[in-house]
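> Structural data only, the sequence is not supplied:
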């Protein structure tokens with residue numbers, strides 16, 4: 001029996017993993033936005049010094065410390081997924097080759113796992129390291145640029161592969177297919193921004209089986 005025609009790369013599975021990782025990055029940006037929003041209010045305060053002290057809080061109990069720590073932790077989760085999936089990018093790899101990555105991992109552990117000390121050294125190790133703040137902002141920027149480029153590229157390639165499969169089916173060829181692919185292509189054709197449509201479908205697990 002002749003084997004069915006299979007989709008070329010990128011596959012549904014590879015795209016689902018990419019968008020799943022992108023979801024974690026989106027979560028991290030929401031935490032960063034919350035952190036920055038509070039900083040803006042501090043800067044507009046009549047007494048910025050006092051406002052900043054309150055924002056950071058004693059023993060990291062202020063909203064600023066909470067949002068910052070969980071933003072840092074969320075970024076590390078993205079890095080873990082990025083490495084696990086075997087992605088590559090010179091700018092990101094250069095940033096991940098520094099000692100800041102190990103410090104960030106320890107910071108994440110202190111944030112997401114119970115620590116007996118009121119102020120865990122794992123927090124301070126990263127936060128007080130020279131260049132750590134510039135480093136994490138550079139990493140965040142590099143990840144943002146990578147996700148944007150990767151998402152657009154893969155959505156275009158995946159859509160092209162589906163159209164090839166659709167054409168092959170119309171020609172009577174046996175193709176590995178699902179009715180949801182037709183729905184996806186129809187939605188893309190109707191959309192002003194096909195990339196957003198593809199992202200929504202993937203983020204909602206539309207292609208999960």
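Thanks, I have the structure now. Worth saying up front: this structure is predicted, and the values here are computed from it rather than measured.

> Residue 125 and residue 104: what is the separation?
10 Å (CB to CB, to the nearest Å). C-betas here are computed from N, CA, C, even on glycine.

> Show me which of those two is the more surrounded one.
Neighbours of residue 125 and residue 104, each counted by other CB atoms under 10 Å, are more numerous for residue 104; the result is 24 against 16.

> which residues touch the helix or strand containing that one?
In the assignment (DSSP states H and E), residue 104 maps to helix 100-112. For helix 100-112, the surrounding residues in contact (CB atoms under 8 Å, 6 or more residues apart in numbering) are 69-70, 72-73, 75-77, 79, 95, 120, 122-123, 125-127, 129, 131-132, 135-136.

> could you flag which of these are buried?
Buried by 16 or more other CB atoms under 10 Å: 69-70, 72-73, 75-77, 79, 95, 120, 122-123, 125-127, 129, 132, 135-136, out of the contacts of helix 100-112.

> buried ones in the longest helix along the chain?
Taking DSSP state H as the criterion, the chain has its longest helix at helix 132-170. Within helix 132-170, the residues that qualify as buried are 132, 135-136, 138-140, 142-143, 146-147, 150-151, 154-155, 158-159, 161-162, 165, counting by 16+ other CB under 10 Å.

> what is the rounded mean pLDDT of stretch 173-192?
Averaged across stretch 173-192, pLDDT comes to 78.

> how far does that stretch sit from the chain's center?
26 Å (CA atoms, centre = their mean, to the nearest Å).

> What residues sit buried inside it?
175, 177, 181, 184-185, 188.

> okay, these in JSON lines with secondary structure next?
Converted to JSON lines, the buried residues of stretch 173-192 look like this (DSSP: H, G, I helix; E, B strand; the rest coil):
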{"residue": "175", "secondary structure": "strand"}
{"residue": "177", "secondary structure": "coil"}
{"residue": "181", "secondary structure": "helix"}
{"residue": "184", "secondary structure": "helix"}
{"residue": "185", "secondary structure": "helix"}
{"residue": "188", "secondary structure": "helix"}
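
> closest to residue 20 among those?
residue 184 (17.2 Å; CB to CB).

> how far away is that closest one from residue 26?
Distance from residue 184 to residue 26, by CB to CB: 21 Å.

> Helix or strand: which one has the closest residue to residue 110 other than its chain neighbours?
Take residue 110 and drop its neighbours on the chain: the residue closest to it by CB to CB, 6 or more residues apart in numbering is residue 122, 3.7 Å away. Using DSSP H and E, residue 122 maps to helix 121-127.

> quick one: average pLDDT of that helix?
92.

> what does stretch 99-115 give?
96.

> Buried ones in it, by neighbour count?
Those buried within stretch 99-115 under the rule 16+ other CB under 10 Å are 100-101, 103-108, 110-111.

> Touching, residue 98 and residue 135? I think so.
Yes - counting by CB atoms under 8 Å, residue 98 does reach residue 135; the two are 6.8 Å apart.

> hey, what's in contact with both of these two?
In contact with both residue 98 and residue 135: no residue, using CB under 8 Å, 6+ apart.
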